[in-house]
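Asks: What would the 3D arrangement of this be:
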Amino acid sequence: MVVLAKRNLVIPAPDGSDRVKLARGIVADVPDWAVQTAYFSALVADGKIVPTRKSDKATQAAAEKPVKVRRGKAQE
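Replies: Here you go, the predicted model:
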């Protein structure tokens with residue numbers, strides 16, 4: 001799968017034998033084992049990785065969305 005990374009990321013293999021390094025702002029090809037990890041799914045949900053199987057217009061819109069930042073305490 002081809003993805004656009006919004007942050008510098010490292011995705012470890014489930015068995016720890018390999019890893020995929022993604023640089024911020026670069027479109028890269030990611031192996032299938034990395035796509036199937038829970039960590040990859042969480043990064044996509046947070047907007048830190050944008051899958052680029054869609055049209056260029058949809059990819060550009062997704063790339064411009066802000067990244068979810070998880071800092072501080074939750075509001076009560």
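
Asks: Give the closest residue to residue 39 in space, chain neighbours not counted.
Replies: Nearest non-adjacent residue to residue 39, counting by Cβ to Cβ, 6 or more residues apart in numbering: residue 11, 6.0 Å away. Yep, even glycine has a C-beta here, placed from its N, CA and C like the rest.

Asks: so the one you found is in which element?
Replies: strand 9-12 (DSSP states H and E).

Asks: ditto for residue 34
Replies: Here residue 34, judged by DSSP H and E, is contained in helix 32-35.

Asks: Only the buried residues of that helix, if you could.
Replies: For helix 32-35, a neighbour-count test (16 or more other Cβ atoms under 10 Å) marks 34-35 as buried.

Asks: Please look at residue 30 and residue 20 and confirm they touch.
Replies: Yes - contact criterion Cβ atoms under 8 Å: residue 30 and residue 20 qualify, at 5.9 Å.

Asks: And these two? Which one has more around it.
Replies: Neighbour count, other Cβ atoms under 10 Å: between residue 30 and residue 20, residue 20 has more, with 20 against 17.

Asks: on that earlier part again, now do the strand holding residue 11: distance to the chain's middle.
Replies: The chain centroid and the centroid of strand 9-12 are separated by 9 Å under Cα atoms, centre = their mean, to the nearest Å.

Asks: Report all helices and strands that that strand contacts.
Replies: strand 19-22, helix 38-46 (3 or more Cβ pairs under 8 Å, 6 or more residues apart in numbering; DSSP states H and E).

Asks: Quick one, which of these gets closest to residue 52.
Replies: Nearest to residue 52 among these is helix 38-46 (11.5 Å), distances taken as Cβ to Cβ.

Asks: Flag every buried residue along the closest one.
Replies: The neighbour-count check on helix 38-46 (16+ other Cβ under 10 Å) flags 40, 43 as buried.

Asks: Buried residues of stretch 7-15, list them for me.
Replies: Those would be 9, 11, for stretch 7-15 by 16+ other Cβ under 10 Å.

Asks: most centrally placed residue in this structure?
Replies: residue 49 (2.2 Å; Cα atoms, centre = their mean).

Asks: what sits against the closest residue to it other than its chain neighbours?
Replies: The shortest distance from residue 49 to any non-neighbouring residue, by Cβ to Cβ, 6+ apart, is to residue 43 (4.4 Å). Shown in contact with residue 43 (Cβ atoms under 8 Å, 6 or more residues apart in numbering): 9, 11, 49.
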